[in-house]
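Colleague: below is the structure, and that's it, no one-letter string:
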Ligand code: URA
């Protein structure tokens with residue numbers, strides 16, 4: 001078998017066999033197939049697509065390229081959750097302790113941020129002392145003991161995706177349905193949960209700009225998960241504006257703590273309750289989503305979800321005092337407001353521009369090697385539909401370095417689109433698939 005022939009076949013729009021897909025993933029992971037040939041195949045896939053069989057084969061080959069996590073030592077139905085990535089998406093920080101407080105074990109492996117989207121692991125590391133690199137035994141032990149752990153993916157979990165994702169990121173081949181589906185589902189399958197709730201984002205801050213594309217991606221992922229014997233549900237949710245108010249690591253932890261305390265931004269709270277209740281239904285704790293929402297609302301209001309978060313922070317070496325005194329989180333030296341230049345209503349907030357601004361302030365990485373500053377970021381004060389007056393603060397920049405500041409100001413100001421009439425209310429969740 002030759003890589004050249006596989007590239008040519010896909011370039012001509014022909015179907016690849018299981019053996020050809022396995023040959024590519026095995027050879028590329030082992031370093032025997034060079035980046036330039038892998039990049040050519042990715043671009044051919046981007047234009048010609050993969051059918052369902054090819055996508056499922058690619059997922060299985062990738063899932064098998066490294067370690068498989070064995071969660072069988074944890075009793076009960078283990079439910080995982082995955083977001084396709086967005087700006088201000090701190091749902092995992094809220095959901096993992098919330099669902100664990102309802103008695104469902106959550107053994108969560110999360111990623112770091114890249115580009116304009118943040119990563120849960122970076123956010124957790126803004127809590128002084130918090131350790132995200134637990135050994136597999138400690139990870140399982142912690143979930144058995146307190147019902148929840150969030151850790152960084154082990155070095156050898158789906159190595160094929162690590163290499164392919166990095167290559168896609170620099171070859172403009174990220175936003176392809178079969179490539180995203182195989183990337184996400186290979187990690188979910190290797191991570192060992194019995195059931196998975198997918199949060200598929202759509203809008204200007206997401207990889208899938210239209211609801212139709214997001215739905216097609218969701219259907220593919222649900223079908224692949226079922227083929228692998230998992231229970232799967234996908235929610236299509238809005239990313240036409242940042243989720244909540246904060247984009248930046250410690251700033252997002254602070255907002256997650258507020259939400260776990262029964263307050264927090266209404267869109268974040270609503271999405272967490274919906275995703276969480278679907279997790280409870282998959283785990284068999286409740287049979288109806290509405291019952292799950294009621295149960296979880298009670299846990300937020302009675303302080304049980306916050307108590308579970310405190311327990312997790314302590315178990316992973318973090319300073320549990322941040323939970324009650326969030327001022328102990330790292331804070332930027334300087335704050336600067338971005339003001340509205342006119343009166344009107346917020347019609348749209350370009351989430352990607354807010355995410356890029358936060359990244360340029362130091363909250364994210366341009367390349368995998370960059371280090372991040374946990375304190376910095378952007379907090380928006382207005383959301384779509386809000387009325388603003390000339391001079392009102394649209395957002396606050398949390399700054400530690402003046403490098404890129406002019407561009408950051410421009411991005412944040414440019415992200416807000418004002419109109420003279422109130423725009424129609426936005427939906428937070430468009431549909432549920434599965
Ligand atoms: N998230 C992933 O894990 N992979 C993708 O390809 C896109 C989003």
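Modeller: Alright, I've got the coordinates. These numbers come from a predicted model, not from an experiment. Numbering: from 1, shown residues only.
Colleague: from now on I want contacts and neighbour counts done on CA atoms only, so please keep to that.
Modeller: Fine.
Colleague: next, count neighbours for the nearest residue to residue 328 once chain neighbours are set aside.
Modeller: Nearest in space to residue 328, with sequence neighbours left out and distances taken as Cα to Cα, 6 or more residues apart in numbering, is residue 322 at 5.5 Å. Counted with other Cα atoms under 10 Å, the neighbours of residue 322 add up to 18.
Colleague: surely residue 258 meets residue 268?
Modeller: No: here residue 258 does not reach residue 268: they are 10.5 Å apart, not a contact under Cα atoms under 8 Å.
Colleague: which one's more surrounded, the two?
Modeller: Counted by other Cα under 10 Å, residue 258 and residue 268 do not tie: residue 268 has more neighbours, with 23 against 19.
Colleague: pretty sure that one contacts residue 92?
Modeller: No: between residue 268 and residue 92 there is no contact under Cα under 8 Å: 10.8 Å.
Colleague: quick one: stretch 174-193 near the ligand?
Modeller: Yes: Stretch 174-193 comes into contact with the ligand when judged by Cα under 6 Å from any ligand atom, the residues involved being 174, 179, 180, 183, 184.
Colleague: could I get those residues as JSON lines with secondary structure, pLDDT and neighbour count?
Modeller: Supplementary listing: those in JSON lines, determined by DSSP: H, G, I helix; E, B strand; the rest coil; pLDDT from 0 to 100; neighbours: other Cα atoms under 10 Å:
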{"residue": "174", "secondary structure": "coil", "pLDDT": "87", "neighbour count": "21"}
{"residue": "179", "secondary structure": "helix", "pLDDT": "96", "neighbour count": "24"}
{"residue": "180", "secondary structure": "helix", "pLDDT": "94", "neighbour count": "22"}
{"residue": "183", "secondary structure": "helix", "pLDDT": "95", "neighbour count": "24"}
{"residue": "184", "secondary structure": "helix", "pLDDT": "94", "neighbour count": "18"}
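Colleague: ok, the residues you listed vs residue 127, which is closest?
Modeller: Distance to residue 127, by Cα to Cα, is smallest for residue 184 among the residues of stretch 174-193 next to the ligand, at 26.8 Å.
Colleague: ok, so what distance separates the closest one from residue 224?
Modeller: Between residue 184 and residue 224 the computed distance is 10 Å (Cα to Cα, to the nearest Å).
Colleague: and what of residue 186?
Modeller: Between residue 186 and residue 224 the distance is 9 Å, computed by Cα to Cα.
Colleague: find residues that contact each of the two.
Modeller: With contacts taken as Cα atoms under 8 Å, 6 or more residues apart in numbering, the residues that reach both residue 186 and residue 224 are residue 59.
Colleague: for whichever residue of the chain sits closest to the ligand, what are its contacts?
Modeller: In the chain, no residue comes nearer to the ligand than residue 180, which is 3.6 Å away by Cα to the nearest ligand atom. Taking Cα under 8 Å, 6+ apart as the definition of contact, the neighbours of residue 180 are 174, 217.
Colleague: I'd guessed residue 25 sits against residue 62; true?
Modeller: Yes: checked against Cα under 8 Å, the pair residue 25 and residue 62 is within contact range at 6.5 Å.
Colleague: comparing these two, which shows the higher neighbour count?
Modeller: Between residue 25 and residue 62, counting by other Cα under 10 Å, residue 62 is the more crowded of the two (29 against 24).
Colleague: helix or strand: which one has that one?
Modeller: Taking DSSP states H and E as the definition, one finds residue 62 inside helix 52-63.
Colleague: which helices and strands does that helix pack with?
Modeller: In terms of contacts (3 or more Cα pairs under 8 Å, 6 or more residues apart in numbering; DSSP states H and E), helix 52-63 is packed against helix 18-29, helix 159-170, helix 177-190, helix 211-227.
Colleague: residue 345 should be in a helix, yeah?
Modeller: No: for residue 345, which was evaluated using DSSP: H, G, I helix; E, B strand; the rest coil, the result is strand, with no helix membership.
Colleague: chain neighbours aside, what residue packs nearest to it?
Modeller: That would be residue 387: by Cα to Cα, 6+ apart, it lies 4.4 Å from residue 345.
Colleague: residue 401 now?
Modeller: Leaving aside its chain neighbours, residue 401 sits nearest to residue 361 (7.1 Å; criterion: Cα to Cα, 6+ apart).
Colleague: for the one you found, give me its contacts.
Modeller: For residue 361, the set of contacting residues under the criterion of Cα under 8 Å, 6+ apart consists of 376, 377, 398, 399, 400, 401, 403, 404, 405, 408.
Colleague: quick check: phi and psi on it?
Modeller: Phi and psi for residue 361, reported as degrees, to the nearest 10, are phi -70, psi -20.
Colleague: low-confidence ranges in the protein?
Modeller: In the prediction, the chain carries residues with pLDDT under 70 at positions 114-116, 368.
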